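*Asks:* coords please:
(2 chains)
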Amino acid sequence: MPPFSTASEIAARVRSGDLKAVDVLEQHLARIDARETEIHAFNLVIADAARQQAGAVDAIVAAGGDPGPLAGVPVALKDNMCTRGVPTTCSSKILAGWKPPYDGTVVSLLQRAGAVAIGKTNLDEFAMGSSTENSAFGPTRNPLDTDLVPGGSSGGSAAAVAAGFAPLSFGSDTGGSIRQPAALCGVVGVKPTYGRVSRYGLVAFASSLDQIGPFTHTVADAALALQVVCGHDPHDSTSIAEPLPDYSALLERGVEGLRVGRITDLPAGADPDVAERIEQAFDALAAAGATIVDVEVPAFTYGLTAYYIIAPAEASSNLARYDGVRYGLRVDAPDTHAMYSATRAAGFGDEVKRRILLGTYALSAGYYDAYYGKALRIRRLMADDFAKAYAQADVLLTPSSPSVAFPFGSKTADPFAMYLCDTYTIPANLTGEPGMSVPFGTGQNDLPVGVQVLAPALGEPVMLQVAAELERAATNLAVGSAS
Amino acid sequence: MSDRLTNDVVVKVAHLARLDLTPAEIERATEQLGDMLDHFADIDALDLSAVAPMNQPLPFVNVMRDDVVQPCLDRDEVLDAAPDAQDGRFRVPPIIGSGA
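*Replies:* The predicted structure follows:
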């Protein structure tokens, strides 16, 4: 059982009038007051605006109305989601102080569903990183052990849920930035199918890979959150127009008769404590009536290289907009070109500069075919391989992260060591298919292990169904280390 | 692509990306990007000439809508966020004759 109230419980009680949204909010603000100095999950807490919104929710209930499926649920938003009039920094000096002139679609949908936005969470600058150490405003600490990273790039959002600051938060996942921090902080994190959630108002990192998704304590809460934020949006031309299924419908059904795929040629690299828990996850699903089938995904092994060409290439193009002209920082110079270069040099941190250089190189004349062109072809192989795997299996299971949470500074000297954190999460971004991390016991030092459930495009219902079974099975695991 | 990356290439790429780098940053970027490209050598041997590139995940078609004026962002609110604005426009330093 989670140590904090779930979003489902809060919303049900607020809707029935049994609990006031303002009291729920104060309880969470008190937890923030107690631990935020130590954790640094937030770039900004908007207590006053949240109190107003919570009051409005209570007023609707008092008048006999229904504020919506997330009534009174405090929600934390990654600081790359545009909020009108509220600073949105992407944890970058280049956007410090910028107030967007509009709300992103997800932000609007949450408000319309009765949720109460309480703040903007810390991230690796422009969502580039796997530890939140690349934030220009200082790292977020893992609430389970503050000597350890929370993962990244949505580390602030994962930590906010794990610390009880909010029962629901949102992040963005370009190569694992929801699933990996969810695993490291012991919470549920979902990357929906590409196009299922509008990206309107999400500051772009790599547009063909980015997707917004929730962090929650439970699989049921994740289903509830998806029901609110998924759907077609005319403001996002990559938005899918398919009707929404009922994401909660299959949660109690069990996994009898489902085929769960084990990828036999999965790249090595998972620590033994993580690998052991994944084996137990297969065992638990088999015991619950699922059939475990072996599948091959030969292109998986090239995912990391393809991703670290495609994502920086798209980023180098997307981040061209930070030029000191329309918003954010400007460093004055005698002419426009010098102003661009000086502004970008002063405003971007090391990792962002590294990826801009890498992406620009991969797209430049003479290197385009060898790098970017080839990476796009690997992406096709990956999609074909997964299509074959999903002909044999309903879902696939892998680790979410190769390791449990790691100490600060342990991967910052070698950029590639940090990139390896994304080994198992990247393929779902390349193919656009959904994936989620669900806590499943603990590994080394009693730290949480996340199991990744992958499904074919728009396969969120079966993905959540399997995750719910793993959640039930996890309560039966022996407390303590797997070893 | 086994030739080791040189400083000159990094300087050129930094110019294309409009990033001023210090000499120390150029040295470090040359080394780190070179290491990265070494890691990417795993794809060198793959012959993918028969595989079609995939630019994005899902098969999308053109998105059309009626040619009707929609609400848009408030100009003053947008310009308020700019580092410099004048007469309802973004203001920048000289462009022509900059030599860049």
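
*Asks:* only C-alpha atoms for contact and neighbour calcs from this point on.
*Replies:* Fine.

*Asks:* which residues in the stretch 201-350 of chain A form helices?
*Replies:* Applying DSSP state H, counting those that start in this stretch to the stretch 201-350 of chain A gives helices spanning A:219-229, A:272-287, A:303-318, A:336-347, A:350-363.

*Asks:* The second one: which residues count as buried?
*Replies:* By that I understand helix A:272-287. Within helix A:272-287, the residues that count as buried by 16 or more other C-alpha atoms under 10 Å in any protein chain shown are A:273-275, A:277-278, A:280-282, A:284-286.

*Asks:* same for the longest helix along chain B, what does it pack against?
*Replies:* For chain B, the helix that runs over the most residues, judged by DSSP state H, is helix B:23-39. Applying 3 or more C-alpha pairs under 8 Å, 6 or more residues apart in numbering or on different chains; DSSP states H and E, we find helix B:23-39 packed against helix A:350-363, helix B:7-16.

*Asks:* Which residues does stretch A:405-424 contact?
*Replies:* Applying C-alpha atoms under 8 Å, 6 or more residues apart in numbering or on different chains, the contact partners of stretch A:405-424 are A:129-130, A:133, A:147-151, A:175-176, A:180, A:184-185, A:267, A:303-304, A:398-403, A:447, B:32, B:36.

*Asks:* Verify the stated contact: A:Gly17 with A:Ala63.
*Replies:* No: between A:Gly17 and A:Ala63 there is no contact under C-alpha atoms under 8 Å: 10.5 Å.

*Asks:* circling back: just the buried ones from the contacts of stretch A:405-424?
*Replies:* For the contacts of stretch A:405-424, a burial check counting by 16+ other C-alpha under 10 Å picks out A:129-130, A:133, A:148-151, A:175-176, A:180, A:184-185, A:267, A:303-304, A:398-403, A:447, B:32, B:36.

*Asks:* Could you tell me how far the spatially most central residue of chain B is located from A:Gly349?
*Replies:* Most central in chain B under C-alpha atoms, centre = their mean is B:Ala17, positioned 6.2 Å from the mean C-alpha point. For B:Ala17, the distance to A:Gly349 equals 14 Å [C-alpha to C-alpha, to the nearest Å].

*Asks:* next one: A:Gly432
*Replies:* For A:Gly432, the distance to A:Gly349 (C-alpha to C-alpha) stands at 28 Å.

*Asks:* Then B:Pro23?
*Replies:* To A:Gly349, B:Pro23 is 16 Å away according to C-alpha to C-alpha.

*Asks:* These two: which has the busier surroundings?
*Replies:* Applying other C-alpha atoms under 10 Å in any protein chain shown to B:Pro23 and A:Gly349 shows that A:Gly349 carries more neighbours, namely 20 against 11.

*Asks:* In contact with the more buried one, which residues?
*Replies:* Shown in contact with A:Gly349 (C-alpha under 8 Å, 6+ apart): A:92, A:125, A:134, A:136.

*Asks:* for chain A, which spans come out with low pLDDT?
*Replies:* For chain A, the stretches flagged by pLDDT under 70 are A:1-2, A:478-483.

*Asks:* any chance you could map the strands in it?
*Replies:* For chain A, the strands defined by DSSP state E occupy A:42-45, A:74-78, A:116-121, A:168-172, A:188-191, A:212-216, A:259-263, A:291-295, A:395-399, A:435-442, A:448-454.

*Asks:* Sheet-wise, list the partners of the fourth one with their directions.
*Replies:* Sheet pairing of strand A:168-172 (DSSP bridges) gives strand A:74-78 (parallel), strand A:212-216 (antiparallel).

*Asks:* From chain B, how far out is A:Tyr302?
*Replies:* Separation of A:Tyr302 from chain B (C-alpha to the nearest C-alpha, to the nearest Å) stands at 7 Å.

*Asks:* what do you get for A:Gly189?
*Replies:* Applying C-alpha to the nearest C-alpha, the value for A:Gly189 to chain B is 21 Å.

*Asks:* Mind listing the residues bridging to the closest residue to that residue other than its chain neighbours?
*Replies:* In space, and not counting its chain neighbours, A:Gly189 is closest to A:Phe215: 4.5 Å by C-alpha to C-alpha, 6 or more residues apart in numbering or on different chains. Bridge pairing for A:Phe215 (DSSP bridges) gives the partners A:Ser169, A:Gly189.

*Asks:* Now do A:Phe215 against A:Thr83, distance only.
*Replies:* Look at A:Phe215 and A:Thr83: by C-alpha to C-alpha, they are 19 Å apart.

*Asks:* what do you get for B:Gln56?
*Replies:* B:Gln56 is 27 Å from A:Thr83, by C-alpha to C-alpha.

*Asks:* Export the buried residues of helix A:272-287 as a markdown table, with columns for distance to A:Asp332.
*Replies:* Below are the buried residues of helix A:272-287 laid out as a markdown table (distance: C-alpha to C-alpha, whole Å):
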| residue | distance to A:Asp332 |
| --- | --- |
| A:Asp273 | 53 |
| A:Val274 | 51 |
| A:Ala275 | 53 |
| A:Arg277 | 55 |
| A:Ile278 | 54 |
| A:Gln280 | 59 |
| A:Ala281 | 57 |
| A:Phe282 | 59 |
| A:Ala284 | 61 |
| A:Leu285 | 61 |
| A:Ala286 | 64 |
